[in-house]
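Asks: with the sequence up front, the predicted model follows.
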Amino acid sequence: MNPFGHETTGHRQGKETIMKRSTMWAGLFCGLAAAAMQTAEAADAVNAQYRPQLFKQFGDHVNTPDGLAQDRHGNIYMAAPNFVDASYPGAIMKMDKKTGKWSVFVTGLIHPETGRGAPMGMEFAEDGHLYYCDNQYFNDKNYKSRVMRVVIDKRGEPLRIEPVVDISVPGGPRGKVTASAGSLKESKSPALRPHG
């Protein structure tokens, strides 16, 4: 500014340069913000493809789903010890491969001393029968868990449930059952005892 309060040419050019730079930075910022929004929208669209979705809601009668197994026909079986709400008995559910419908495969998996069944890890053996861990840890602090066998007929229907091995291990049986009844009976471990 000159002594009379008027802008000089140099001062005016300086202000114009500042205005141009401000406009440039504002434009750049808006451009970056718009690009970021488009990128975020594109990422949301991609992520929506891979977002986990609820596979099946069973209701209260299956309040603690656990182990899964598949038979030689492609049917899926799921153990439900139902620890969350003990008013529902432990059960093994079956999903029919052809229809996709779930149903109760076996229930009434009662331990004679605890009055509860708690099926967890499961596996089908080569003989076509289903073996599962009956984890009694939450029902009996003496760790009276078992490996059980569901004897299945040629049509895929359960005939009976029978104990194969009694287990006394703090924390109950862990992991997946290796379904080979012979190896279970031959075990030298004091924690694994053939039933009977």
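Replies: Ah, there it is. Residues are numbered from 1 along each chain as shown.

Asks: now the helices: where do they sit in the protein?
Replies: With DSSP state H, the ranges of helices along the chain come out as 9-50, 181-185.

Asks: which of these has the lowest mean pLDDT?
Replies: Sorting those by mean pLDDT places helix 181-185 lowest, at a mean of 42.

Asks: right, and residue 139 touches residue 111 too?
Replies: Yes: applying CB atoms under 8 Å, one finds residue 139 in contact with residue 111, separated by 7.0 Å. C-beta: built from backbone N, CA, C; applies to glycine.

Asks: now do the shared contacts for these two.
Replies: Counting by CB atoms under 8 Å, 6 or more residues apart in numbering, the residues touching both residue 139 and residue 111 are residue 118.

Asks: of the two, which one has the most company?
Replies: residue 139 (22 against 19; other CB atoms under 10 Å).

Asks: ok, for that one, nearest residue in space, not its chain neighbours?
Replies: residue 114 (4.0 Å; CB to CB, 6 or more residues apart in numbering).

Asks: and the contacts of stretch 59-71?
Replies: 58, 76-85, 88, 91, 93, 119-124, 128, 130, 132-133, 156, 176.

Asks: are any of these buried, and which?
Replies: 77-83, 88, 91, 93, 119-124, 130, 132-133 (16 or more other CB atoms under 10 Å).

Asks: tell me where the protein is predicted with low confidence.
Replies: In the predicted model of the chain, residues 1-49, 54, 168-196 satisfy pLDDT under 70.
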